[in-house]
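Chemist: what follows is a predicted protein model with its sequence.
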Amino acid sequence: MELEKLIISDQDYARLSKLRDSQILEDELSRAVLVPSDQVPPNVVKMNARVTYLDESNGTTREVELVYPEEADSSNGKISVLTPVGSALLGLEVGQTIEWLFPNQQSRLLRVISVIHTA
């Protein structure tokens with residue numbers, strides 16, 4: 001199955017490219033469609049966006065903010081782009097799903113419910 005392209009802003013891509021010590025993130029960036037920051041559609045998950053997603057594997061809905069590693073604070077819902085769920089959500093559009101293998105080798109199906117760009 002071929003993976004869908006992801007929409008990522010040129011500014012996010014430039015900063016994320018420096019974090020390529022993560023194979024998962026590198027794989028995601030390799031399939032990205034770059035667009036100017038001001039042209040990222042409002043329904044696409046980008047850095048510093050608040051995202052509500054449904055884990056269809058267990059029915060859990062969660063709201064998180066996708067942040068750079070140094071800003072991560074799970075107690076405040078800020079998840080790093082280097083986490084499995086952070087990498088999975090980056091570049092997805094509302095309504096889009098992705099099947100993702102987590103570190104415990106459990107496969108999960110995540111669906112983006114809503115996106116709010118905060119910065």
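Modeler: Great, that's in hand. Computed from a predicted structure; not experimentally measured. Numbering: from 1, shown residues only.
Chemist: touching the helix or strand bottoming out on mean pLDDT in the chain from outside, list them.
Modeler: The weakest-scoring helix or strand in the chain, judged by mean pLDDT, DSSP states H and E, is helix 23-30 (a mean of 76). With CB atoms under 8 Å, 6 or more residues apart in numbering as the test, helix 23-30 has contacts from 6, 8, 13, 16-17, 19-20, 81-82, 84, 87, 90-91. Glycine gets a C-beta too; all of them are placed from N, C-alpha and C.
Chemist: please pick the buried ones from those residues.
Modeler: 6, 8, 13, 16, 81-82, 84, 87, 90-91 (16 or more other CB atoms under 10 Å).
Chemist: and of those residues, the nearest to Arg108?
Modeler: Closest to Arg108 out of these is Pro84 (8.7 Å), distances taken as CB to CB.
Chemist: dump the residue contacts of the closest residue to the closest one other than its chain neighbours.
Modeler: Leaving aside its chain neighbours, Pro84 sits nearest to Phe102 (5.0 Å; criterion: CB to CB, 6 or more residues apart in numbering). Neighbouring residues of Phe102 by CB under 8 Å, 6+ apart: 84-85, 108.
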